[in-house]
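Visitor: Sequence and computational prediction follow.
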Amino acid sequence: MLSQMRTLYRLALLGAALFTAALPAVAQTYSFSSCQNTVSLTVKINSVVSLSGPISDGQGGHNTTLIFFGDFTLTSGGSTQTYSNVVADGSIGYTPNIGNITTFLVEISRGGPINLQAVLQGTGDLIPSGMFNGTLPPLSQFNIQGHVYIAVGNPTKFYTIDTYGNCSGGAGGGTNMPIITSVISAGAFGAFTAIAPGSWIEIYGSNLAPDTRSWAASDFNGNAAPTDLDHVEVTINGEKAFVGYVQSLPGQINVQVPSDIPTGGKVDIVVTNNGISSKPYSVMVNSVQPGLLAPPSFVVNGKQYVTALLPDGTYVAPAGSMSGVVSRPAKPGETITLYGIGFGLVIPPSPAGFIAPANTKLALPLQIMFGQTAAVLTYDGLAPGYVGLYQFNVVVPPVPDNNLVPLTINLAGFSGAQTLYIAVHQ
């Protein structure tokens with residue numbers, strides 16, 4: 001009865017404005033899963049009441065709307081419920097002037113007693129034809145955070161879609177096996193292709209995580225960092241790494257490397273997402289791989305500035321050189337603070353995966369140069385209260401005024417690979 005009333009209501013709304021385009025000739029099936037949450041939704045379009053579009057919006061965008069009879073099968077927590085031959089909506093919209101976004105939607109009874117939706121949003125014109133043809137672009141292209149989900153119930157619960165098809169690779173050809181495509185040391189600290197014990201690395205790929213978040217205090221066990229974040233685990237040479245950040249779309253995981261992995265050769269990295277593991281990905285491991293914090297936002301006129309802080313929180317860079325950043329050159333004799341990763345062991349020992357104590361010191365000798373002049377370091381150890389982050393308190397040496405003083409490091413003969421600058425003025 002509900003479906004019949006909805007059919008009459010929608011046909012009445014369409015009235016004389018309704019027109020039909022080329023209707024799908026055969027049944028189409030779309031399957032979506034949130035494997036992390038053991039929720040799957042399969043939508044089968046059995047027959048079409050109306051299909052309008054794609055209709056141009058006159059600004060390069062288009063919209064297609066669909067009303068159809070279909071079957072919606074929801075699997076959640078091991079139980080399955082099928083809603084057969086219900087009236088449902090579908091749409092494909094591309095809005096270049098509003099976010100440059102493509103939206104794919106299928107739903108029944110939004111806000112009603114059933115309320116099932118699958119929504120996918122991504123950047124660009126992902127379905128240029130605007131047609132329901134049973135095949136969607138790769139899930140990785142639907143990259144609008146928080147807008148790739150299955151919605152269930154009233155009040156509504158939302159589950160991030162991480163797979164086309166069921167969780168073992170069913171209809172729709174999907175699979176949720178994680179795939180690693182690249183590994184680098186933390187991007188803001190040099191993005192090196194080799195890693196080091198205790199350093200932070202970034203893992204990129206697909207199907208790496210079910211959601212997007214950083215670790216929180218509740219994820220820690222005392223001072224010990226988590227090795228599992230929302231059922232995402234990473235092993236390096238068979239040892240569990242410490243998971244600080246997971247991102248579903250595009251896929252990314254940030255982890256701290258265990259302290260005792262072997263160096264001087266390659267090791268395998270494996271990502272496990274909800275019990276399903278990736279193929280191994282090999283990376284080179286050096287004993288140290290030092291990098292100073294210097295994100296892309298600190299590039300000025302093509303020159304990469306190191307991130308350095310004065311005691312009052314002002315950044316060291318030419319005044320007004322970066323929008324929204326309060327900065328000025330450092331003066332000789334002032335103490336500035338730099339941060340880094342990959343600088344090796346400290347004394348007393350503090351293993352990876354634990355919040356750093358106060359007053360540690362690098363085991364290896366470190367030299368920081370301003371041009372050809374060595375600086376005095378008043379502290380060179382782990383940053384207290386952080387995990388795997390090093391802190392360097394540096395007295396600016398007497399060098400000539402210059403907005404582009406080269407800043408280099410030497411860690412027991414290992415020269416840093418970054419090209420960095422700092423501004424110094426009397």
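Guide: Perfect, thanks for sending it.
Visitor: contacts and neighbour counts: CA atoms only from here.
Guide: Fine.
Visitor: Can you give me the pLDDT of the residue nearest to residue 380 when sequence neighbours are not counted?
Guide: Leaving aside its chain neighbours, residue 380 sits nearest to residue 392 (4.7 Å; criterion: Cα to Cα, 6 or more residues apart in numbering). According to the prediction, residue 392 has pLDDT 98.
Visitor: can you check residue 5 too?
Guide: 31.
Visitor: Quickly list what residue 285 is bridged to.
Guide: As for beta bridges, residue 285 partners with residue 195, residue 265 under DSSP bridges.
Visitor: Can you name the residues bridging to residue 235?
Guide: Beta-bridge partners of residue 235, as defined by DSSP bridges: residue 240, residue 270.
Visitor: what stretches of the protein score poorly on pLDDT?
Guide: 1-27, 109-113, 166-176 (pLDDT under 70).
Visitor: Give me the residue at the spatial middle of it.
Guide: residue 247 (3.3 Å; Cα atoms, centre = their mean).
Visitor: That one: what's it in contact with?
Guide: 208, 209, 210, 211, 212, 213, 253 (Cα atoms under 8 Å, 6 or more residues apart in numbering).
Visitor: coming back round to it: which helix or strand contains the residue nearest to residue 380?
Guide: Using DSSP states H and E, residue 392 sits in strand 390-395.
Visitor: Quickly run through the sheet partners of that strand, with directions.
Guide: When DSSP bridges is applied, strand 390-395 pairs with strand 335-341 (antiparallel), strand 376-382 (antiparallel).
Visitor: closest one to residue 348 among these?
Guide: strand 376-382 (9.9 Å; Cα to Cα).
Visitor: Put together a markdown table for the strands paired with strand 390-395, with distance to residue 283 on each row.
Guide: Shown next, in a markdown table, are the strands paired with strand 390-395 (distance: least, Cα to Cα, whole Å):
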| stretch | distance to residue 283 |
| --- | --- |
| strand 335-341 | 17 |
| strand 376-382 | 25 |
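Visitor: Mind putting these into a markdown table with distance to residue 115 and mean neighbour count?
Guide: Converted to a markdown table, the strands paired with strand 390-395 look like this (distance: least, Cα to Cα, whole Å; neighbours: other Cα atoms under 10 Å):
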| stretch | distance to residue 115 | mean neighbour count |
| --- | --- | --- |
| strand 335-341 | 48 | 22 |
| strand 376-382 | 51 | 20 |
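Visitor: which one of those strands lies closest to residue 59?
Guide: strand 335-341 (47.4 Å).
Visitor: how far out from the middle of the chain is the helix or strand following that closest one?
Guide: Sequence order places strand 346-347 as the next helix or strand after strand 335-341, per DSSP H and E. For strand 346-347, the distance from its own C-alpha centre to the chain's C-alpha centre is 32 Å (Cα atoms, centre = their mean, to the nearest Å).
Visitor: what helices or strands is strand 346-347 leaning on?
Guide: strand 361-362 (3 or more Cα pairs under 8 Å, 6 or more residues apart in numbering; DSSP states H and E).
Visitor: Do I have it right that residue 273 meets residue 233?
Guide: Yes. The pair residue 273 and residue 233 passes the contact test of Cα atoms under 8 Å, sitting 6.6 Å apart.
Visitor: what's across from the residue nearest to residue 380 in the sheet?
Guide: Bridge pairing for residue 392 - DSSP bridges - gives residue 338, residue 380.
Visitor: Return the residues in contact with it.
Guide: With Cα under 8 Å, 6+ apart, residue 392 has these contacts: 337, 338, 339, 377, 378, 379, 380, 381.
Visitor: could you redo the last one with a cut-off of 6 Å?
Guide: 337, 338, 379, 380 (Cα atoms under 6 Å, 6 or more residues apart in numbering).
Visitor: Nearest to residue 364 among the contacts of residue 247?
Guide: Looking across those and measuring by Cα to Cα, the closest to residue 364 is residue 253, at 29.2 Å.
Visitor: would you put the C-alpha positions of the helix or strand containing the closest one in PDB?
Guide: Using DSSP H and E, residue 253 maps to strand 251-256. Provided in PDB are the C-alpha atoms of strand 251-256 (Å, rounded to 0.1, in the frame of the first residue of the first chain):
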ATOM      1  CA  GLY A 251      43.500   6.200   1.200                       C
ATOM      2  CA  GLN A 252      46.200   7.100   3.700                       C
ATOM      3  CA  ILE A 253      47.700   5.800   7.000                       C
ATOM      4  CA  ASN A 254      50.300   7.500   9.100                       C
ATOM      5  CA  VAL A 255      52.300   5.200  11.400                       C
ATOM      6  CA  GLN A 256      55.300   5.300  13.600                       C
END
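Visitor: buried stuff in it?
Guide: 251, 252, 253, 254, 255, 256 (16 or more other Cα atoms under 10 Å).
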